[in-house]
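[1] whatever this is, show me its structure:
(one chain, ligands or ions: 4)
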Amino acid sequence: MRASRYLIATLKETPADAEIISHQLMLRAGLTRKLAAGLYTWLPMGLRVLRKVERIVREEMDRSGAQEVLMPAVQPAELWQESGRWEQYGGELLRLNDRHGRDFCFGPTHEEVITDLVRNELKSYKELPANFYQIQTKFRDERRPRFGVMRAREFLMKDAYSFHITPESLDETYQVMHRTYCAIFDRLGLDYRPVQADSGSIGGSSSHEFHVLASSGEDDIVFSTGSNYAANIEKAEAVAPAGDRPAPGADMTEVATPEQRTIDAVAQFLSLAPSQTVKTLIVKAEATEEGEDGGLVALVLRGDHTLNEIKAENLPGVASPLTMASDEEIEQAVGCKAGSIGPVKLELPVIVDRSAAHLADFVCGANREGFHLTGVNWERDLPLPRVEDLRNVEEGDPSPDGQGTLEIRRGIEVGHIFKLGNKYSQAMDATVLDENGKKAVLEMGCYGIGVSRIVAAAIEQNHDDRGIIWPEAIAPFEVAIVTLNAHKSPAVMEAAETLYDQLRQAGYDVLLDDRNERPGVKFADMELTGIPHRFVVSDRGLAAGTLEYKGRRDADKQDLNIEEALPFLA
Ligand code: ATP
Ligand code: MG
Ligand code: MG
Ligand code: MG
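    Ligands and ions are numbered 1, 2, ... in the order given. Got it, this is the predicted structure:
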């Protein structure tokens, strides 16, 4: 590729709204441009990187025996209603209507679509196990899209789904996928760790996340210094067995009198460690006496500090987000006036996304305000451990397996593998005939990789103050040839063209920087864009029969005889 005919969209200034280094460098190096919140265009230079990541993922998935398919990005609501997720998925699901008013969503993930395919296509245990994958655009209406493509709304994912007749067969493929992911992240040249993750409410027995280590990561991951133990923080905290917890929806009056409803007591009632996060809380509240203070309503609806968002669809007539709704709207929705509420019954799913301590504070606050909470229900990703079995995991703690102490690092989740069991196959009646000719519900696993997130994660790990330093395997170009004064010197241009041809014939991706720009500009651009190898062709060098070489990580440049250039790279 000739730089004079290529979009080198580098920027001198760091864009103001880019908080982390990868986001800054992706914009500055001209890899991506923002269209709207969480939506990015990949420019030619960035797309080359994305495609290289994709190719490595595809090659290793093919090697593992998985079969590539491509499913539609837009999915009919009926499938999501069958699995129950049309109701459950919440705000991240982008819902659409076609011209006939039919409901669709833009797929945030594809369990329903693949399960539908498999129940129609596979009939016999003899066709199993089978593992299908795709590399496809997903849409998740993230609450806080940020950090560029790291947490985008539209992003590229490799997702795979395996189907089995026995849990043992699922185990086997799960292990194959674990090894395949290690092979992928090894080839990508990233410093990563597989960690245990919670398999949560889905009921599967096993789950691992793959994290790229970086201080900007949004997740805490916990390692043992003395063993192979590694887990994400939620898993590390949730060491306790299910035990005899209160059932979801249990009566709040179990927590003694209102005065005794301290934060700790409520946290304990909810069976949460104070530091754990609850995503959705369903508050059932009742005020039966006339004139009772509308404290809860105030707390819930006026944007109390523990609450970020209330699902507006539960209060028809109220605009979203509720915290911005007017008094009139709120009063209309709950059917009475604020301050003189009652009798009223509320059942509100409240997205809290806050720690149990905050949550308990909210619950106590509601009681102080004169409201009786009659029930609290919750939805969260993790099984609820018993509070007495929990502790906050801290750096230097002994580890869960008794070997070594704990080290806590930040990680970027780039992959996630999961045993789903029969959650989807049961709900959607995906069966095959087993050896005895009987219907058997399929066992299922799913395996995701954030292809576009990997590009950003790689930059978080590989950069300096001059720009990106690509791992060779995913560099947009492996070699840059920079010409000096070529517009006045045919000899320079000719030598550069010869080297360009030689390198390309040897299979390298080469960018010939033939732009009529000052040398400083060209050098800065090649460093910013992170090209691993750079040759400089100049009159002065040619007179001595040499080229200048500098590796992107090298401190110094060196002169090579012209004939040495090609063997030097090999
Ligand atoms: P996160 O915890 O970061 O929100 P997730 O657990 O919701 O991710 P999964 O459902 O496990 O994501 O999806 C598989 C992979 O897709 C993730 O491991 C991650 O690499 C990638 N991914 C998820 N959400 C995004 C996003 N908003 N932008 C870019 N990549 C994403
Ligand atoms: Mg997510
Ligand atoms: Mg996650
Ligand atoms: Mg995940």
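
[2] what stretches of the chain score poorly on pLDDT?
    199-205, 238-392, 400-402 (pLDDT under 70).

[3] give me every residue in it lying close to ligand 1.
    140, 142, 151-152, 155, 157, 413-416, 448, 450, 452-453 (C-beta under 6 Å from any ligand atom). C-beta coordinates here come from the backbone N, C-alpha and C atoms, glycine included.

[4] and the residue of this structure that's closest to ligand 1?
    Closest approach between the chain and ligand 1, counting by C-beta to the nearest ligand atom: G450, at 2.2 Å.

[5] quick one: which of the residues of the chain next to ligand 1 is nearest Q461?
    V414 (10.9 Å; C-beta to C-beta).

[6] what about that closest one, neighbour count?
    For V414, the neighbour count with other C-beta atoms under 10 Å is 25.

[7] for H211, see how far away it is.
    Distance of V414 to H211, given as C-beta to C-beta, to the nearest Å: 7 Å.

[8] shared neighbours of these two, anything?
    Jointly contacting V414 and H211 under the rule C-beta atoms under 8 Å, 6 or more residues apart in numbering are Y192.

[9] need the longest helix for this protein.
    Ranked by number of residues, the top helix in the chain under DSSP state H is helix 167-188.

[10] in that helix, which residues are buried?
    For helix 167-188, burial by neighbour count (16 or more other C-beta atoms under 10 Å) applies to 169-171, 173-174, 176-178, 180-181, 183-185, 187-188.

[11] now it - C-alpha only, PDB.
    Coordinates of each C-alpha in helix 167-188 appear next as PDB, following Å, rounded to 0.1, in the frame of the first residue of the first chain:
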ATOM      1  CA  PRO A 167     -22.800 -33.400  30.200                       C
ATOM      2  CA  GLU A 168     -19.600 -35.400  29.600                       C
ATOM      3  CA  SER A 169     -19.600 -34.500  26.000                       C
ATOM      4  CA  LEU A 170     -20.200 -30.800  26.900                       C
ATOM      5  CA  ASP A 171     -17.200 -31.000  29.300                       C
ATOM      6  CA  GLU A 172     -15.000 -32.200  26.500                       C
ATOM      7  CA  THR A 173     -15.900 -29.500  24.100                       C
ATOM      8  CA  TYR A 174     -15.700 -26.900  26.900                       C
ATOM      9  CA  GLN A 175     -12.100 -28.000  27.500                       C
ATOM     10  CA  VAL A 176     -11.400 -27.900  23.700                       C
ATOM     11  CA  MET A 177     -12.700 -24.300  23.700                       C
ATOM     12  CA  HIS A 178     -10.600 -23.400  26.700                       C
ATOM     13  CA  ARG A 179      -7.500 -24.600  24.900                       C
ATOM     14  CA  THR A 180      -8.600 -22.900  21.700                       C
ATOM     15  CA  TYR A 181      -9.000 -19.600  23.500                       C
ATOM     16  CA  CYS A 182      -5.500 -19.900  24.900                       C
ATOM     17  CA  ALA A 183      -4.200 -20.600  21.400                       C
ATOM     18  CA  ILE A 184      -6.000 -17.500  20.100                       C
ATOM     19  CA  PHE A 185      -4.700 -15.200  22.800                       C
ATOM     20  CA  ASP A 186      -1.200 -16.600  22.500                       C
ATOM     21  CA  ARG A 187      -1.200 -16.000  18.800                       C
ATOM     22  CA  LEU A 188      -2.500 -12.400  19.400                       C
END
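
[12] L406 belongs to a strand?
    Yes: counting by DSSP: H, G, I helix; E, B strand; the rest coil, L406 is located in a strand.

[13] who's it bridged to?
    Beta-bridge pairing for L406 (DSSP bridges): S224.

[14] distance check, it against V222.
    5 Å.

[15] distance between stretch 5-15 and the chain's centre?
    27 Å (C-alpha atoms, centre = their mean, to the nearest Å).

[16] contacting residues around it?
    Looking at what lies outside stretch 5-15 - C-beta under 8 Å, 6+ apart - the contacts are 24, 27-30, 33, 43-45, 511, 515, 524-525, 528-529.

[17] which of the residues you listed count as buried?
    Buried among the contacts of stretch 5-15 (16+ other C-beta under 10 Å): 24, 27-30, 43, 45, 511, 515, 524-525, 528-529.

[18] helices - which of those land there?
    Using DSSP H, these in helices are 24, 27-28, 45, 524-525, 528.

[19] tally of neighbours for the closest residue to N97 other than its chain neighbours?
    Nearest residue to N97 in three dimensions, chain neighbours excluded: D103, at 6.3 Å (C-beta to C-beta, 6 or more residues apart in numbering). As a burial measure, D103 scores 14 neighbours (other C-beta under 10 Å).

[20] residue boundaries of the helices in the stretch 51-200 of the chain?
    77-83, 85-88, 111-121, 167-188 (DSSP state H, counting those that start in this stretch).

[21] looking at these, which is nearest to S64?
    Closest among the helices of the stretch 51-200 of the chain, using C-beta to C-beta: helix 167-188, at 4.4 Å.

[22] elements contacting the closest one?
    On a contact count with 3 or more C-beta pairs under 8 Å, 6 or more residues apart in numbering; DSSP states H and E, helix 167-188 meets helix 44-63, strand 154-164, strand 192-196, strand 207-213, strand 406-421, strand 443-450.

[23] could you check the angle it makes with strand 207-213?
    Interaxial angle, helix 167-188 versus strand 207-213 (axes from the mean of the first three to the mean of the last three C-alpha atoms, to 10 degrees): 10 degrees.

[24] find the centremost residue of the chain, please.
    E413 (5.7 Å; C-alpha atoms, centre = their mean).

[25] residues contacting that residue?
    Applying C-beta under 8 Å, 6+ apart, one finds that E413 lies in contact with 209-211, 217-219, 450, 453.

[26] would you point out the most distant pair within those residues?
    Top of the distance list for those (C-beta to C-beta): F210 and E218, 14.4 Å.

[27] neighbour count: the two, which is higher?
    Taking other C-beta under 10 Å, F210 and E218 do not tie; F210 has more neighbours (25 against 13).

[28] what residues are bridge-paired with that one?
    Here F210, judged by DSSP bridges, has bridge partners P194, G415.

[29] mind listing what it touches?
    Per C-beta under 8 Å, 6+ apart, neighbours of F210: 181, 185, 192-195, 413-417, 449.

[30] same check, this time on P476
    P476 neighbours (C-beta under 8 Å, 6+ apart): 31, 45-46, 48-49, 52, 470, 509, 511, 529-531.

[31] pull the most distant pair out of those residues.
    Longest span within those, C-beta to C-beta: L31 and D509, 15.3 Å.

[32] among the two, which residue is more densely surrounded?
    L31 (31 against 15).

[33] my read: that one touches M45, true?
    Yes: using C-beta atoms under 8 Å, L31 is in contact with M45, at 5.5 Å.

[34] thought S216 was touching R151?
    No: using C-beta under 8 Å, S216 makes no contact with R151, being 11.2 Å away.

[35] of those two, who's got more company?
    R151 (20 against 17).

[36] hey, what's the more buried one bridged with?
    R146.
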